[in-house]
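> just need the structure, nothing else, for what follows:
(chains A, B, C and D)
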Protein chains: 2
Amino acid sequence: MATDPLSLTFAALADPTRRAILARLAQGQTSVGELAAPHQMSLAAVSKHIKVLETAGLIAREKDAQYRYCKLQAGPLKDLDGWIDAYRGLWRDNLDQLDAYLADMQRGDDTNKQ
Amino acid sequence: MATDPLSLTFAALADPTRRAILARLAQGQTSVGELAAPHQMSLAAVSKHIKVLETAGLIAREKDAQYRYCKLQAGPLKDLDGWIDAYRGLWRDNLDQLDAYLADMQRGDDTNKQ
DNA sequence: TTTTTATTCAACCAATCGGTTGACAACCGC
DNA sequence: GCGGTTGTCAACCGATTGGTTGAATAAAAA
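Next comes the predicted model:
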C-alpha cells in the first residue's frame, strides 16, 4: 500500500468497521473497549483497526490508567475534503449532461443514446 | 475487502496511480493507452487499475473501434462528499475551536459554545 | 490476407490485509 | 502481593493486492 498521507486516509476509510469507529468517535472520545463492544470480532482485531486509523492521523490516543482513550482528529478529513474540491464542480457538469440528454430526447435527437 | 459502495470508492481512491488516472479524466475522456502513458508500469497493470475504478463506479467505459474510452463518473465522489458532510462541522468546531471561540466572544455570539 | 495497434485475460509472485489465538504488560482494587 | 481488567504484541492463517509476463481478442491498416 502507498504510504502518502492521502492514500493512508483513503485506505483507512475503506473499511466499514473503521468508519463505524470514526462515527462513534464523532460523538466524543472513548476507550478501546467501548469502541470494540459493538463489533463481533476480537479486541485485538479492533485494536489493529484503531492503529490503522491512528497511523492515518484520523485519531489520537491518550493514556489514562489502564485505558486508552481515542479521539477523532479532523485534519486528514479536512485534507480529503480539499482533495474532493477539485472534483466538486463535476457532478454539476454531469447534471448538465443529463439535462442535455433529456432535452435531446425531447427534440428527437438520439446522438446521446448508447 | 468490503464490497459496499462506500468501501469500494474509498479503496479505489487509496492508490496514487488511480487518483492520477482520475485527475487525468477530470480533463476529459481518454483511451486506456493514453491513461497508461504517464505511468511506469505495464499496460496490463493500468488496465487493472481502471477496472478497480470502474467497479467502484468512478469511471465508465465506452468502446469505439479498438479503443476503450474512459470517462469520469461523479456519483461515487458525490456520495463520498455526502459522507464527509457528517464530519464537516468537526474541523470547524475542533481545529479552529479557539479562534472561533475568541471571534465569537468579540462579536458576543455564543452559538458555538458547547 | 497479413500485420499492427489497443486492450484484456490468465497465470503467477511477493507483500499486505483482516482476522484469529495466546502471551505479555500495565494498572486498579482488594 | 494477587487477581481482574484493559489493551497491545507476536505469530500465524487464508484471501486479496499490485505488479509481472505471455497469450488471446478485436479492430484498423497495409
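
> do you know the pLDDT at the most centrally placed residue in chain A?
Closest to where the C-alpha atoms of chain A average out (CA atoms, centre = their mean) is residue A:13, at 4.1 Å. Listed pLDDT for residue A:13 reads 98.

> find the nearest non-adjacent residue to it, please.
residue B:10 (4.5 Å; CB to CB, 6 or more residues apart in numbering or on different chains). No exception for glycine: its C-beta is placed from N, CA and C like everyone else's.

> chain A: helices as residue ranges?
A:5-13, A:16-25, A:32-36, A:43-55, A:75-88, A:90-107 (DSSP state H).

> looking at the ones you listed, which is closest to DNA strand C?
Closest to DNA strand C of those, according to CB to the nearest atom of the strand: helix A:43-55, at 3.3 Å.

> so what secondary structure elements neighbour the closest one?
helix A:5-13, helix A:16-25, helix A:32-36, strand A:59-64, strand A:67-72 (3 or more CB pairs under 8 Å, 6 or more residues apart in numbering or on different chains; DSSP states H and E).

> so which of those is the most packed in?
Most buried of the helices and strands packed on helix A:43-55, by mean neighbour count (mean count of other CB atoms under 10 Å in any protein chain shown): helix A:5-13, with a mean of 22.

> what's the angle from that one to helix B:5-13?
150 degrees (axes from the mean of the first three to the mean of the last three CA atoms, to 10 degrees).

> would helix A:5-13 count as contacting DNA strand C?
Yes: using CB under 7 Å from any atom of the strand, helix A:5-13 reaches DNA strand C at residue A:11.

> other SSEs contacting that helix?
Helix A:5-13 packs on helix A:16-25, helix A:43-55, helix A:75-88, helix B:5-13, helix B:16-25, going by 3+ CB pairs under 8 Å, 6+ apart.

> including distance to DNA strand D, could those helices go into a markdown table?
Listed next are the helices and strands packed on helix A:5-13 as a markdown table, based on distance: least, CB to the nearest atom of the strand, whole Å:
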| stretch | distance to DNA strand D |
| --- | --- |
| helix A:16-25 | 11 |
| helix A:43-55 | 3 |
| helix A:75-88 | 17 |
| helix B:5-13 | 6 |
| helix B:16-25 | 5 |
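
> in CSV, list those helices along with distance to residue B:52.
Converted to CSV, those look like this (distance: least, CB to CB, whole Å):
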stretch, distance to residue B:52
helix A:16-25, 18
helix A:43-55, 20
helix A:75-88, 17
helix B:5-13, 5
helix B:16-25, 6
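
> nearest to residue B:75, out of those?
Residue B:75 sits nearest to helix B:5-13 of all the helices and strands packed on helix A:5-13, at 9.1 Å, using CB to CB.

> now do the closest one and helix B:75-93, the angle between them.
90 degrees.

> helix B:43-55 and helix B:5-13, what's the angle between them?
150 degrees.

> isn't the residue nearest to residue A:13 up against residue A:10?
Yes: using CB atoms under 8 Å, residue B:10 is in contact with residue A:10, at 5.2 Å.

> quick revisit: and the residue nearest to the centre of chain A, what is it in contact with?
A:19, A:22, A:58, A:80, B:10 (CB atoms under 8 Å, 6 or more residues apart in numbering or on different chains).

> all set, thanks.
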